[in-house]
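>>> sequence first, predicted model second:
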Amino acid sequence: MEKSQEKKILGMNQHDFSLFMKRYGIVFVMIGMFVILSVSSTKFLKMNNILNVLSTVALNGILAMGMVFVITAGGIDLSIGSLLALASTTIGIVLQATGSIPLACVTAVVICTFFGLLNGLLVAKFNMFPFVVTLASQLVIRGLGYVISGGYSFALANPKFSQIGLGKLFGIIPYPILILLGIAVISYLLLHWTKFGRYIYAVGGNINAATASGVNVFWTRVGSFIISGLFAGVAGIIMTARINAAQPNIGVGYETDAIAACVIGGTSFAGGISTIPGTMVGIIIIGLIYNGMNLIGISSYWQTISKGLLIIGAVMLDSFINKKR
Amino acid sequence: MNEQDNLQHDSQEYILECRGISKFFGGTHALEDVDFHVSKGQVHALVGENGAGKSTLMKIIIGLYKQDKGEIFFEGKPYTVNGPAEAIKAGISMIHQELNPEPYLSVAESIFLKREDTLGKSFFLNKKETNRKAAELLKQFNFDINPKVLMEELTLAQSQMIEIIKAVSCNARLVIMDEPTSSLDSEETERLFRTIRNLKDHGVTIIYISHRMEEIFEICDSYSVFRDGRFVGTGKVSEVTTNELISMMVGRKFDNIFPKEDVKIGDVAFRVEGLSGKGFQNISFEVRHGEILGLSGLVGSGRSETMRAIFGIDPLTSGKIYLDGEEIKIKNPREAISKGIAMINEDRKNYGLCLFRSLRENISLPNLESRQRGLLIDQTREKKECTEAALTLRVKAASIEADAFSLSGGNQQKIVLSKWIMSEPKVLIMDEPTRGIDVGAKAEIHSLMCRFASEGMAIILVSSELPEVMGMSDRILIYHEGKLNGEISRKEILDGTATQETILAKEFGGK
């Protein structure tokens, strides 16, 4: 290939530089936040606080890892907040009936995956809009959570189970962080190293070209929703364990944070563009907003506002870089 | 040229006069110093091959494009418009081949779109008045339809009629019709012709673009021929024959600059029998290993439609497909690819590439199956093979990780080609493989075709460029209105018994 002569920026040619900025620009935002927080609060850099940030982002992180598959394939999944509640009530019921933790967890994950499959089938088979499908299924799922629990929350009183959410490896690293890391590695491999991941990008990038290149568009789309459902189930386990109760009313609005993490991390809403490391950065940035502002003593109202502004900023940055190319 | 002189005598009667119009798209000359005039009150046929510049000129007239050079006069006055809305205001309307009615507007609302009646000076619509005026217009045209009916319920012929009525109600003095009969049956066509005559009686001038010779001779008074972006000639329809028109249309010089080599032609690789689907009926042909089969025909004659159906993008209604003697069924492109068929789609942006993904990912997309190590993609091998493929085709790009979007058209096409070559197909369908790419890249793609053929690949070449089909094919099949209408061999082309005129005559339905 013939290299064209271009202006150099930071020792890179312009093309590589804009590629670099597009991929890693948001990393600088994260580092910037880190620096500001370390300077303005002495508590921020303490090991305890860092672990605290990470374990609060674990839940949203796992959800975002599922969401990134769906958005990259050109969809959206609004049902994950409700799936958290359904997972929670399922665990409660199975745990009360059998006392088996593995059985309770597996049942919850299977049910959530099943609803992911259902979302995917409705979208891919009947060509319905993902937004509408999951907006509706979200209601169905939320309702089911209330139906099977009779509308009541109940404490689980199972210290062993609550260890999933509250326990620490070697007494230092909370389990939810490990689970997030595990899921991030799996997602990374799936999206960047497998055929399936490549097809997700192709379907989201240009569905016609994907079809004409022999991609099984149907199962690729369904697959993205299955992953989202499955990860929501896993997140549901952690959430239930952490509050140590089965509650049908939890998880409201959690999809917003997951979507925000994806978008801040460089995921294109048009589909076809995203990275797992980018999403990870997006997750951490959201965690830093919550934690950092708490430390500095800024009210949660302002946290919400800054999160919103940050999403708009991220999208603006993205379209700005895209236009320049 | 006698008739041209006659027409020039009454130049004050020209309703439309275009003088010295030129238009460039990038480096290509879409129109070159074109003079074109239409006399008032006539139905004027505009004819020419694919890409002769007819549509470009019409788009300039209705203000979709701006000419780079030249002037237009309408009704004797200088005429410049920005966009169809202004053209309509000035008195020129165009009935497009593809109608795009607003499906949920009523007939009346559709006719009076953007000039709605209001109750007094309020924001509120006066539906009653709109419906009354629409009913009146419909009656004028003897068009028996309720103005309250929604557009989506109308047949194509009916919505076309509404477009015409709308044009007239906007006081159009010149109506441009682009292949208005292409989707009409014979009865609907008759009805359209009655309407056209009716318009003519009322002094409306019509520019009639059509590929159907018999219609031109039936309905048109005068004609203009375009070729390769140039104006060739004009005259009265009564003083010309079909063959004379066709020979005026042919003109792109055919000097055999193509690198086509004669290679050993093997057994039948691919055969189709009685294929029918949307836009084509009863198509049968075969291609042999090492052979390049050219498919020629006017745009919309069913060539691309057949190829899309063979490749599984669109459904087939009947017919059989054989690969190396065995019957195969293809339900979708995935099955076609797995059987060893590849297709370069004419629509590169929509069907060829994921523009915002890297060249590497684009090239390897259909070829990942065999490049796995366990569950994961063997990325080292992928990168190496994609780079090699891109180098072989001499793709110019910053790196294999660059977005497809950043490449020029010719280089994008080479990426599409690379991905299909990597899939090692037995049959390669190339639909307009060199459209919109520069001369250098074109020649390179032609040489590659020869190389693939010499390696035993069976190639089907669909092209709107006659010289390309003639220069590259061992055999040419000609499409006319969804059916095959003749076959020409390379020998006939080389010894001169078959010329561009022979082919074009067949494309227009002749024998």
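Arrived safely, thanks for sending. Source: prediction; values computed, not measured.
>>> switch to C-alpha atoms for all contacts and neighbour counts from now on
Will do.
>>> in a helix, B:Val287, correct?
No - B:Val287: not assigned to a helix; according to DSSP: H, G, I helix; E, B strand; the rest coil it is strand.
>>> count of neighbours near it?
By other Cα atoms under 10 Å in any protein chain shown, 25 other residues sit near B:Val287.
>>> in this structure it contacts B:Phe270, no?
Yes - between B:Val287 and B:Phe270 there is a contact under Cα atoms under 8 Å: 5.3 Å.
>>> shared neighbours, those two?
The overlap between the contact sets of B:Val287 and B:Phe270 (Cα atoms under 8 Å, 6 or more residues apart in numbering or on different chains) consists of B:Ala458.
>>> spatially nearest residue to B:Thr80, not counting backbone neighbours?
Leaving out its chain neighbours, the residue that sits closest to B:Thr80 by Cα to Cα, 6 or more residues apart in numbering or on different chains is B:Ile72, at 7.2 Å.
>>> tell me the first helix or strand C-terminal of the host helix or strand of the one you found.
Counting by DSSP states H and E, the element that carries B:Ile72 is strand B:69-74. As assigned by DSSP H and E, the chain's next helix or strand after strand B:69-74 is strand B:77-78.
>>> partner strands of that following strand and their direction?
strand B:69-74 (antiparallel) (DSSP bridges).
>>> and the contacts of the partner strand?
Against strand B:69-74 from outside (Cα under 8 Å, 6+ apart): B:15-23, B:33, B:61, B:78-80.
>>> tell me how many other residues surround the nearest residue to B:Gly302 once chain neighbours are set aside.
Computed as Cα to Cα, 6+ apart, the closest residue to B:Gly302 that is not its neighbour in sequence is B:Gly482, at 4.6 Å. If you count neighbours by other Cα under 10 Å, B:Gly482 ends up with 21.
>>> spit out the contact partners of B:Gly482.
So B:Gly482 contacts B:279-281, B:301-303 (Cα under 8 Å, 6+ apart).
>>> what's the answer for B:Ala90, then?
Applying Cα under 8 Å, 6+ apart, we find B:Ala90 in contact with B:Ala172.
>>> equivalent analysis for B:Lys426, please.
Contact analysis of B:Lys426 by Cα under 8 Å, 6+ apart lists B:269, B:289, B:340-341, B:456-458.
>>> and those residues as TSV, adding pLDDT and neighbour count?
TSV is the format used below for the contacts of B:Lys426 (pLDDT from 0 to 100; neighbours: other Cα atoms under 10 Å in any protein chain shown):
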residue	pLDDT	neighbour count
B:Ala269	95	22
B:His289	96	23
B:Gly340	95	15
B:Ile341	97	24
B:Gly456	94	21
B:Met457	95	25
B:Ala458	97	30
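>>> distance to chain A and secondary structure added to the residues you listed, as CSV?
Shown next, in CSV, are these (distance: Cα to the nearest Cα, whole Å; DSSP: H, G, I helix; E, B strand; the rest coil):
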residue, distance to chain A, secondary structure
B:Ala269, 21, strand
B:His289, 23, coil
B:Gly340, 12, coil
B:Ile341, 11, strand
B:Gly456, 23, coil
B:Met457, 19, coil
B:Ala458, 19, strand
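>>> out of these, the closest to B:Lys127 would be?
B:Ile341 (56.5 Å; Cα to Cα).
>>> so the closest residue to that closest one other than its chain neighbours bridges to which residues?
Closest residue in space to B:Ile341, ignoring its immediate chain neighbours: B:Val427 at 4.8 Å, by Cα to Cα, 6+ apart. Beta-bridge pairing for B:Val427 (DSSP bridges): B:Ile341, B:Ala458.
>>> and for the one 4 residues further on?
Beta-bridge pairing of B:Asp431 under DSSP bridges involves B:Val462.
>>> and the strands in the stretch 101-250 of chain B?
If DSSP state E, counting those that start in this stretch is used as the criterion, the strands of the stretch 101-250 of chain B fall at B:174-178, B:205-209, B:222-227, B:230-236.
>>> now the helices for chain A?
A:14-40, A:47-72, A:80-98, A:101-126, A:130-149, A:159-166, A:175-193, A:195-205, A:207-212, A:217-243, A:254-264, A:276-296, A:300-324 (DSSP state H).
>>> all set, thanks.
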